[in-house]
Structure formats: C-alpha cells, structure tokens
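Visitor: What would the 3D arrangement of this be:
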Amino acid sequence: MRTVIGRLARDQRVRFLAVGVTNTVVGYLVFSAFTLWVFADVYLGYLLSLALSYVVGITLAFVLYRRFVFPVHGHLLRDFTRFVSVYLVAIGINAAALPLLVEVADVPPLLAQLMILVATTLLSFFGHQKFSFRRSAAELG
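Guide: Here you go, the predicted structure:
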C-alpha cells in the first residue's frame, strides 16, 4: 500500500490533479460566493465574479504548482509571467464561453462555469508543463 501511495505522489499528473482539484474547489467557491452574495443583483455579475475568482485562483495555483507539481528554482518573475499568460488563454476561453452558455444556451452560471473548468484544466496542464515552468537543459544542470 505504501509503495502505491508513494508512486502516486511521485507522478506529476497525480500531483497536478491534486493541486488542480484544490485550486478548482477554492476558485469555484470564490466564484460562487461572489456570484450568489456580492454580485447577485448586478447585471452580468457572474463575469465580475469570474475575474475576481481568477485573481485568487492564479495566485494560489502559481504557488502550489511551482512548489509541488513543477518544482523549479529561480526565474520567479519569468515563471509567473508565463504562468499568467497560460491563464490568460484559459480566461479568454472562459470569458467567451461563459456568456454563450449562460445567455444563449440558457445554462445556469454555476453549471456553465463547472463545464468550462474541465476544458481549461487540460489546457493548463500542458501549458504549464511545456511553457510556464520549462527549463532548458543548461538550466537543469
């Protein structure tokens, strides 16, 4: 049993999913709280909720991914800039798809956001693995 758990803990995909689930739950809770309580009576308030939940989510994700999933050292600003750029693609997709699902397809905002999270999670893994935390052979030593 211990070796199975150890193997899972060493698997980058498993660590990504664990951190991603944590980050997704936190981000979704922040999105939900803003949507239901802060911007409940604001036209298109779910988009404001989306923006604020991304700020929280990006900050938390960067720290957790850099520490536990793609452990790297140095180049903090470069890594963060690349990390944010991957998320900008994800938020662009999200910002375009969310109103389409809510306003056109009449999907409730919380369900629509949950659906979009699946697609953007896959995009994020490959973006962070191949771009955000990538190191050249020389940097790896």
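Visitor: Now Ser32. Nearest residue, chain neighbours left out?
Guide: Nearest non-adjacent residue to Ser32, counting by C-beta to C-beta, 6 or more residues apart in numbering: Leu110, 6.2 Å away. Yep, even glycine has a C-beta here, placed from its N, CA and C like the rest.
Visitor: Now do the same contact list for that neighbour.
Guide: 31-32, 35 (C-beta atoms under 8 Å, 6 or more residues apart in numbering).
Visitor: Give me the subset of the residues you listed lying in helices.
Guide: Within the contacts of Leu110, residues falling in helices by DSSP state H are 31-32.
Visitor: Quick check: mean pLDDT of whichever strand or helix holds Tyr54?
Guide: Per DSSP states H and E, Tyr54 falls inside helix 45-64. Averaged across helix 45-64, the pLDDT comes to 90.
Visitor: Show me how far it is from its chain's centre.
Guide: Centroid separation between helix 45-64 and its chain, computed with C-alpha atoms, centre = their mean, to the nearest Å, is 8 Å.
Visitor: coming back round to it: out of the contacts of Leu110, who's nearest Ser53?
Guide: Phe31 (3.9 Å; C-beta to C-beta).
Visitor: thought the closest one was touching Val55?
Guide: No - Phe31 is beyond contact range of Val55, at 11.2 Å (criterion: C-beta atoms under 8 Å).
Visitor: contacting residues around the single longest helix found in the chain?
Guide: In the chain, taking DSSP H as the definition, the longest helix is helix 76-99. With C-beta under 8 Å, 6+ apart as the test, helix 76-99 has contacts from 44, 46-47, 50-51, 54, 57-58, 61-62, 65-66, 72, 109, 112-113, 116, 119-120, 123-124, 127-128, 131-133.
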